[in-house]
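> Sharing a sequence plus its predicted fold:
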Amino acid sequence: MSKEIEQKIIGQYQKDEGMMIMVFAQWCVNHDLDPQEIYKKAYPEQGANAQLEKMLELTVPKEEAGDIPHQTVLNVLQLFGNEELAFVVAQEIERM
């Protein structure tokens, strides 16, 4: 595989991963949850997530945001292998 194709694949994955984080962050905002707190519950051994912090800057107030169905955020998290985070999100959904 050429270096150029490899770079394109990596770039696309990072872009898609950013969208997944954005969906998660906006879903949290829409439900008055702190995305960083939820993330920390799922991954207590990790420090702050720089990409999550970056995406938080792009979220909008819940009054301006479109609805993100619970199943959508769960599916997106699982698609990227964030099983622990999906589990914590599912727990939050049960509490609602």
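That came in fine, so what should we check first?
> all contacts plus neighbour counts: C-alpha atoms, from now on.
Fine.
> which secondary structure elements does the top helix by length along the chain contact?
Looking across the chain with DSSP state H, the single longest helix is helix 3-30. Helix 3-30 makes packing contacts with helix 35-42, helix 50-56, helix 70-79 when contacts are defined by 3 or more CA pairs under 8 Å, 6 or more residues apart in numbering; DSSP states H and E.
> Just the mean pLDDT for it, thanks.
The predicted model assigns helix 3-30 a mean pLDDT of 88.
> relative orientation of that helix and helix 35-42 in degrees?
Put simply, helix 3-30 runs at 110 degrees to helix 35-42, going by axes from the mean of the first three to the mean of the last three CA atoms, to 10 degrees.
> for helix 3-30, the distance to its chain's centre please.
9 Å (CA atoms, centre = their mean, to the nearest Å).
> In that helix, which of the residues would be classed as buried?
17-18, 20-30 (16 or more other CA atoms under 10 Å).
> one step back: let's have the helices and strands packed on helix 3-30 in a markdown table, adding distance to residue 95, mean pLDDT and mean neighbour count.
Listed next are the helices and strands packed on helix 3-30 as a markdown table, based on distance: least, CA to CA, whole Å; pLDDT from 0 to 100; neighbours: other CA atoms under 10 Å:
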| stretch | distance to residue 95 | mean pLDDT | mean neighbour count |
| --- | --- | --- | --- |
| helix 35-42 | 13 | 96 | 18 |
| helix 50-56 | 23 | 92 | 15 |
| helix 70-79 | 12 | 95 | 16 |
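> if you skip the residues just before and after it, what's nearest to the residue positioned nearest the centre of the chain?
The centroid of the chain falls nearest to residue 21 when counting by CA atoms, centre = their mean (2.7 Å). Of all residues not flanking residue 21 in the chain, residue 52 sits nearest, at 6.2 Å (CA to CA, 6 or more residues apart in numbering).
> Spit out the contact partners of that neighbour.
By CA atoms under 8 Å, 6 or more residues apart in numbering, residue 52 lies in contact with 21-22, 25, 35-36.
> ok, back up a step: could you export the buried residues of helix 3-30 as TSV, including distance to residue 79?
Below are these laid out as TSV (distance: CA to CA, whole Å):
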residue	distance to residue 79
17	10
18	13
20	9
21	12
22	14
23	13
24	13
25	16
26	17
27	16
28	18
29	21
30	21
